[in-house]
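> could you work out the structure for the sequence below:
(chains A and B)
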Amino acid sequence: MRPRGRSPKQAHRGVLADRDEQALSKGTERICSAGHNAIGLTCDVTDKAQVTTMIEQATARYGRVDAAFNNAGINSAGASLLDTSDDEFDRIINVNLRGVWNCMKAELRCMIAQGSGAIVNCSSIGGMVGSKGRSAYSASKHGVIGLTRSAALEYAPQGIRINAVCPRMVNTPMAVAVTKNYDPEIVKAMVAREPIERFGEAEEIAAAVVWLCTTAASFVVGHAMAVDGGFLAQ
Amino acid sequence: MGTDAMARDAAGGVGGATETIVSLVWCSRSIGMTEILKGKVALVTGAGAEIGLATAWAFAEAGASGGSC
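So this is what the prediction gives:
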């Protein structure tokens, strides 16, 4: 049911995509139940054909895509480079880097036709500095920043702004999976190393992404924005 | 820079520089709002996970509130 005072015309139009059908359906329902206009599309970003179909379905439904946040990504098990298999390296690169590549190609074709658009890619603090035991993940996230900067230069003249966000540790299941086997004292020490003395929240990353897509950020192009509670300032 | 030029400049981001959008941008700025995502279409991949869902939600809220001016 739509909340009072919000006409369908005013409602935002959102396209949610994920390969996890159940999580996608739950998220889309939550947004729609608040009166917003959104659709959920199942998509594995490593599959170029699925990505093309996702953009086709989005434009068939809404006519355009003004803003895109390429967030799909996976983590890697902590292991040194020699202990990381080639298959694991390929798996991480395929989702975290090739996935962004596939999405950007489809989104850019759509946005070029429109003459405008804003893309934000999800990198990581692991894309700005190295991290022991996470070479594949770090390589993928460094790659996202390179991709973002180069594409931003290529498409800025066509009215498309491309930027990246680089979150530090955020309270998500992915972070919990990393820390769940740690001694609580170690987790406490990890938190103490953060200048802001806590991990981030998903909403704090979301706020940066939305800002980068608004006209408030109209002069921000090819930027890799650390959203890290001051971690890189140390 | 004059107000019209500022508004035109601001409209160069998300969306097209139509008269309506320009007016909306300036109206939004004049009351301290920066979001003009009303009526815009936002795509989020990885939307089944926390950050993606939070962003889809933030887009939706910003898009809806953008019409309040």
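> contacts and neighbour counts: CA atoms only from here.
Fine.
> can you list the neighbours in contact with the lowest-mean-pLDDT helix or strand in chain A?
In chain A, the helix or strand scored least confidently by mean pLDDT, DSSP states H and E is helix A:173-179, which has a mean of 75. For helix A:173-179, the surrounding residues in contact (CA atoms under 8 Å, 6 or more residues apart in numbering or on different chains) are A:Asn75, A:Ala77, A:Met169, A:Val187, B:Glu50.
> tabulate those residues (JSON lines), appending secondary structure.
Output for those, formatted as JSON lines (DSSP: H, G, I helix; E, B strand; the rest coil):
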{"residue": "A:Asn75", "secondary structure": "coil"}
{"residue": "A:Ala77", "secondary structure": "coil"}
{"residue": "A:Met169", "secondary structure": "coil"}
{"residue": "A:Val187", "secondary structure": "helix"}
{"residue": "B:Glu50", "secondary structure": "helix"}
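> show me which of these are buried.
Neighbour counting by 16 or more other CA atoms under 10 Å in any protein chain shown classes A:Asn75, A:Met169, B:Glu50 among the contacts of helix A:173-179 as buried.
> between these, which is nearest A:Val209?
The closest of the buried ones among the contacts of helix A:173-179 to A:Val209 turns out to be B:Glu50 (CA to CA; 13.7 Å).
> ok, so of the buried ones among the contacts of helix A:173-179, who is nearest A:Gln234?
Of all the buried ones among the contacts of helix A:173-179, A:Gln234 sits closest to A:Met169, with 15.4 Å by CA to CA.
> mind listing what that closest one touches?
So A:Met169 contacts A:Ala175, A:Phe199, A:Gly200, A:Asp228 (CA under 8 Å, 6+ apart).
> at 7 Å instead, please
By CA atoms under 7 Å, 6 or more residues apart in numbering or on different chains, the contact set of A:Met169 is A:Ala175, A:Phe199, A:Gly200.
> residues of the helix or strand hosting A:Glu204 that come out buried?
Assigned by DSSP states H and E, A:Glu204 belongs to helix A:202-213. Within helix A:202-213, the residues that qualify as buried are A:Ala202, A:Glu203, A:Glu204, A:Ile205, A:Ala206, A:Ala207, A:Ala208, A:Val209, A:Val210, A:Trp211, A:Leu212, A:Cys213, counting by 16+ other CA under 10 Å.
> just put the residues you listed in CSV and tack on distance to chain B.
CSV is the format used below for the buried residues of helix A:202-213 (distance: CA to the nearest CA, whole Å):
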residue, distance to chain B
A:Ala202, 5
A:Glu203, 5
A:Glu204, 9
A:Ile205, 7
A:Ala206, 4
A:Ala207, 7
A:Ala208, 9
A:Val209, 7
A:Val210, 6
A:Trp211, 8
A:Leu212, 10
A:Cys213, 6
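> can you lay out those as CSV showing pLDDT?
Output for the buried residues of helix A:202-213, formatted as CSV (pLDDT from 0 to 100):
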residue, pLDDT
A:Ala202, 96
A:Glu203, 96
A:Glu204, 97
A:Ile205, 97
A:Ala206, 97
A:Ala207, 95
A:Ala208, 97
A:Val209, 97
A:Val210, 94
A:Trp211, 94
A:Leu212, 96
A:Cys213, 95
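> which positions in the lengthiest helix in chain A come out as buried?
Taking DSSP state H as the criterion, chain A has its longest helix at helix A:135-155. Neighbour-count burial for helix A:135-155, counted by 16+ other CA under 10 Å, picks out A:135-145, A:147-149, A:151-152, A:155.
> that older thread, nearest to A:Gly40 among the buried ones among the contacts of helix A:173-179?
Nearest member of the buried ones among the contacts of helix A:173-179 to A:Gly40, counting by CA to CA, is B:Glu50, at 15.3 Å.
> residues in contact with the closest one?
By CA under 7 Å, 6+ apart, B:Glu50 lies in contact with A:Thr172, A:Ala202.
> contact partners of the strand or helix carrying A:Thr52?
Element membership of A:Thr52, judged by DSSP H and E, is helix A:48-62. With contact meaning CA under 7 Å, 6+ apart, helix A:48-62 is reached by A:Val15, A:Leu41, A:Cys43, A:Asp44, A:Val45, A:Val65, A:Asn102, A:Cys103, A:Ala106, A:Glu107.
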